[in-house]
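Student: from the sequence below, what's the structure:
(chains A and B)
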Amino acid sequence: MAGLMRIVAIVARRLAAAVPALFGVLVVTFVLMRILPGDPASLMASSPSAGPEEIAEIRARLGLDGPIPEQFLVYLGDLAQGDLGQSFVTGQPVATDLMERLPASLELILVALIAAVAVALPLGVAAALRPATLLDHGVRVVGTLGVAIPTFVTGLLLIYVFYYRLGWAPDPTGRLDVFLDPPPRITGFLLVDSLLAADPAAFRAAAAQLVLPAATLALFVMAPLVRITRAAMLEAMASEHVRAARALGIGRRRVVLVYGLRTALVPVLTVAGTVISTLLGASVLVEKVFAWPGIASYSLDALAAGDFAPVQGFVLLMALIYVVLNLVIDLAYRLADPRVTLA
Amino acid sequence: MVRITRRLLPMLVAALASGWLTPNGAEAQSRAETLRAVTSGTVNSLDPMTLGATPDALALSTATYDRLVAYERTPRGDGTYVFDFNAIRGELAESVEVSEDGLTITVHLRPDAVWQDGTPVTAEDVKWSLDRAVSAETMSKAQLKTGSLTSPDQFRVVDARTVEITLPQVDRLALPNLASLYAPMFNSALVKREAGPDDPWGVEWLKTHTASSGAYAVESYKPGQQVVLTRNDDWSGGELPAFPRVIVQTVPDASTRAALVERGDADVATDLQGEDVKALRDRGEVQVVSVPRPTAFMALVFNTRMAPFDDAAVRRAVALALPYDAMLSAAASGLGGKLYGAEWQDGPEGADFPQALPLATDPEKARALLAEAGYPDGFETTLSFAVNRAAWAEPAATLVQEALGGIGIEVTIDKLPDAQMAEAITEKRLPLLLERSYALFPSAEYFFRIFLSGPSRWNFSSWRNEEVEALLPKARYEADQAAYDAVAKRLIALAAEEVPMAFLWQPTQDVVLGKDIEGFTTWYHYYVDVRDLQRR
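Tutor: Below you'll find the predicted structure:
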């Protein structure tokens, strides 16, 4: 009970400490978007007869006609009520858009992460147990190739081979076959929702749509995971407690998995944290290539159109995700290694 | 817990396996009856007239809304069609009469016309829609002004099915404007009921709802992703479209769009890149329609208010130095209607514009002209274009840079993000730019009014010629065709003389269609109207 209380206190303190950082992010994005050259109102006034009045009308509608400090106060006021503003590109409230699209991105990133870890951990362990062998070098080459090729190239290659040439993959657009009805939205994660709705066709379709984009992302982030697993594992296997365990005659399997791998997991977790942020970044292009309705491609479109509100909302959401992510990883350290204490 | 899992797990497995094994017949059938179109842009509003509505929103409204009138189409002979600007038919209207003096347009509604909610279309609805177009803050307002439609006083309800539109003067573009996407008809009772008193014209409400009589109803709308349409079987505005269902989906990557049509998973793809179009045509798995757009142009634009381009001789010198043929082949794979190299000297033969002007590559003459204008050693300047124009503007700019270097003009190329470019064009602060656009109507007078006169951002070259300013109103309000043609030809001759822009070519509209799709029509707006299409 006391332990739980302590963890709650830690979480609360961490979240409180994140508030100034979030505010800083807010100010910087807000000012940056407005001092960047480019006028969204001119861009949006697209009709052939658009004159200065129409542009002024759009500017007023976007709330861009006042001085910047005033605009910022208005924005903060809206934000306090949970209003992130209106997107001009989609015509929807930004909060609605982000909530609609966040599960798509998270589902893709999580599946990619799980795939990457599921492949990288065994490979890294195997490479560490047999250093400087053919296996070790092979793993390194594959990992390096994955990170060396830009994600959109990997994505297009996979589409070309598995969809266009072989016809194994479903058409690479979006999260579900367009001719299927999506399962009722409960969590927004299609894999989960289709199971909850007991809709096997939707589950199968959603899983099939995930394969190529998730593989693209997983290939991109495998290399650092393999490398760190291998390094940490080498170090762990050479450590005193592993030697002691071996000396005590404990089975090799148990030595490797419990005494070796568990110690090695702390640095792997750290890297997994940074890998998630890499995934968030890399998913921009992957979402574009696969017409994935996620938040990354959404914010990119908004940025190109000078649509301020979605970009601000996206950055704020990302900052929040980072705060939570770091916290979760810190807590996970404790599970992996009880010696770690949290301040 | 264990018991639940034990019971659930086999059920789950059984459910999954059965889904895996049963062939999905319903899906196959709906595929044949569904038209799937993939585009690069997104629909940001169901009301095409929302300020800031995307081109895709306008394109969608071809099928979701009706206008009072529409253009006829004529077959091209290869299974595709082209619109006929001079033949107007009724859409929501059964017939339209223009009075002898050209000042009154009388619209008779179809007796069987109903809104999608089943209520009959009334003259009141039409008046409300026209009032909205000229009163509410939408894109209609500025557009309808180009056809002398400006005030609600001009629209009068005669009886339940007749509306009378009066014009302050004869205007050649009044009826074309009513046939355009800028004059959609709304179910006024529905809008008034649903949108509430705070939103009298339904500007907000209509962004996410439709109140129309159109051939297709919106079944689902996911902003930025896809729109699903179902055919309105009660539609009376024309021949009932062939497809019961239409999916318009946003697929940002061009090669993915191409692959989808080639694999037969999609039926229509637009906004493809030149290279992809070429490869698709060579492989021959799909139909590729590439037609030069009659009202469109690409041009090297001079800022005629900024030295040295305020001097017509300098502009002509630059225009004569351009390697037109090389630019067309490098930037557009040679596909496009040439707007250069015409033979005429005194005046054009036709009265349409854009048309080819008598300018062709002649570096010797260019150098001489430049020296005459006082720049024997040339000058330095910057050539700008927007990132979204880069596919053609980048190769074109490099060739311009090289060619102008040959006559002593040193060109720096500046590629600007879209929003920045839009701002710079509005402020008219760039000396030289590559731009493309198109006029809504194929009329020389309209083209000059939009692109070669006045203070608007669309007058890219900021050109102001007193004779043009004097001629334009004359042409616009001229009822006699021969008199109009004479004025239009004079306008064209002036553009050739003064060279406010060096016109390059008419870009093509490239549409990729599945092998079994027919009925494609080139419209004045260059969007794909899904109502035209059917499966062979």
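Student: ok, residue A:83 - how many residues close by?
Tutor: By the criterion of other CB atoms under 10 Å in any protein chain shown, residue A:83 has 14 neighbours. Quick note: C-beta positions are derived from backbone N, CA and C, even for glycine.
Student: can you check the one 4 residues further on too?
Tutor: Burial of residue A:87 is recorded as 27 neighbouring residues (other CB under 10 Å).
Student: what do you get for residue B:512?
Tutor: Considering only other CB under 10 Å, residue B:512 is surrounded by 28 other residues.
Student: that one reaches residue B:281, doesn't it?
Tutor: No - using CB atoms under 8 Å, residue B:512 is not in contact with residue B:281; the gap is 9.1 Å.
Student: need the overlap of contacts for these two.
Tutor: Residues touching both residue B:512 and residue B:281 (CB atoms under 8 Å, 6 or more residues apart in numbering or on different chains): residue B:288.
Student: now residue 267, nearest residue through space, not along the chain?
Tutor: Using chain A. residue A:232 (4.5 Å; CB to CB, 6 or more residues apart in numbering or on different chains).
Student: chain B, not that one
Tutor: residue B:514 is the one closest to residue B:267 (CB to CB, 6+ apart), at 4.4 Å.
Student: any figure for the gap between that neighbour and residue A:236?
Tutor: Distance, residue B:514 to residue A:236, using CB to CB, to the nearest Å: 58 Å.
Student: who's in contact with the closest residue to residue B:278 other than its chain neighbours?
Tutor: Using CB to CB, 6+ apart and skipping residues adjacent in sequence, the residue nearest residue B:278 is residue B:333, 5.5 Å away. Listed by CB under 8 Å, 6+ apart, the contact partners of residue B:333 are B:274, B:275, B:277, B:278.
Student: and residue B:333, how far from residue B:33?
Tutor: For residue B:333, the distance to residue B:33 - CB to CB - is 36 Å.
Student: walk me through the domains of chain B.
Tutor: B:2-271+B:511-535, B:296-506 (automatic domain parsing).
Student: most proximal residue of the stretch 151-300 of chain A with respect to chain B?
Tutor: residue A:200 (2.7 Å; CB to the nearest CB).
Student: can you give me phi and psi for that residue?
Tutor: phi -60, psi -30 (degrees, to the nearest 10).
Student: what does the model give it for pLDDT?
Tutor: Here the pLDDT value assigned to residue A:200 is 87.
Student: count of neighbours near it?
Tutor: The burial count for residue A:200: 21, using other CB under 10 Å.
Student: for residue B:229, same thing?
Tutor: Neighbours around residue B:229, by other CB under 10 Å: 27.
Student: isn't it up against residue B:216?
Tutor: Yes - between residue B:229 and residue B:216 a contact is recorded at 3.9 Å, counting by CB under 8 Å.
Student: mind telling me what element the one residue sitting closest to the centre of chain A is part of?
Tutor: Central residue of chain A (CA atoms, centre = their mean): residue A:280, 3.3 Å from the mean position. According to DSSP states H and E, residue A:280 maps onto helix A:262-289.
Student: circling back: which one's more surrounded, residue B:514 and residue A:236?
Tutor: residue B:514 (24 against 21).
Student: pretty sure the more buried one is touching residue B:261, no?
Tutor: Yes - shown here, residue B:514 and residue B:261 form a contact pair, counting by CB under 8 Å, at 5.8 Å.
Student: okay, and the common contacts of these two?
Tutor: B:267, B:268, B:286.
Student: quick one: the second one from chain A, how far?
Tutor: When distance is defined by CB to the nearest CB, to the nearest Å, residue B:268 is 14 Å away from chain A.
Student: what number of residues lie near the nearest residue to that residue once chain neighbours are set aside?
Tutor: Closest residue to residue B:268 apart from its sequence neighbours, by CB to CB, 6+ apart: residue B:37 at 4.0 Å. Residue B:37 has 26 neighbouring residues, counting by other CB under 10 Å.
Student: can you check residue B:433 too?
Tutor: 26.
Student: partners of the helix or strand encompassing it, with directions?
Tutor: Assessed by DSSP H and E, residue B:433 sits inside strand B:432-438. Strand pairing for strand B:432-438, determined by DSSP bridges: strand B:296-302 (antiparallel), strand B:380-386 (parallel).
Student: I'd like to know which of those is closest to residue B:127.
Tutor: strand B:296-302 (34.3 Å; CB to CB).
Student: then the helix or strand that the closest one is followed by to PDB, C-alphas only?
Tutor: With elements assigned by DSSP H and E, the helix or strand that comes after strand B:296-302 is helix B:312-321. Provided in PDB are the C-alpha atoms of helix B:312-321 (Å, rounded to 0.1, in the frame of the first residue of the first chain):
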ATOM      1  CA  ALA B 312       7.500  45.800 -72.500                       C
ATOM      2  CA  ALA B 313      10.700  45.500 -74.600                       C
ATOM      3  CA  VAL B 314      12.500  43.700 -71.800                       C
ATOM      4  CA  ARG B 315       9.500  41.300 -71.400                       C
ATOM      5  CA  ARG B 316       9.500  40.600 -75.100                       C
ATOM      6  CA  ALA B 317      13.200  40.000 -75.100                       C
ATOM      7  CA  VAL B 318      12.900  37.400 -72.300                       C
ATOM      8  CA  ALA B 319       9.900  35.800 -74.000                       C
ATOM      9  CA  LEU B 320      11.900  35.500 -77.200                       C
ATOM     10  CA  ALA B 321      14.800  33.900 -75.400                       C
END
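Student: in stretch B:69-85, which residues are buried?
Tutor: For stretch B:69-85, a neighbour-count test (16 or more other CB atoms under 10 Å in any protein chain shown) marks B:69, B:70, B:71, B:73, B:80, B:81, B:82, B:83, B:85 as buried.
Student: closest to chain A among the residues you listed?
Tutor: Out of those, the member with the shortest distance to chain A (by CB to the nearest CB) is residue B:85, at 16.0 Å.
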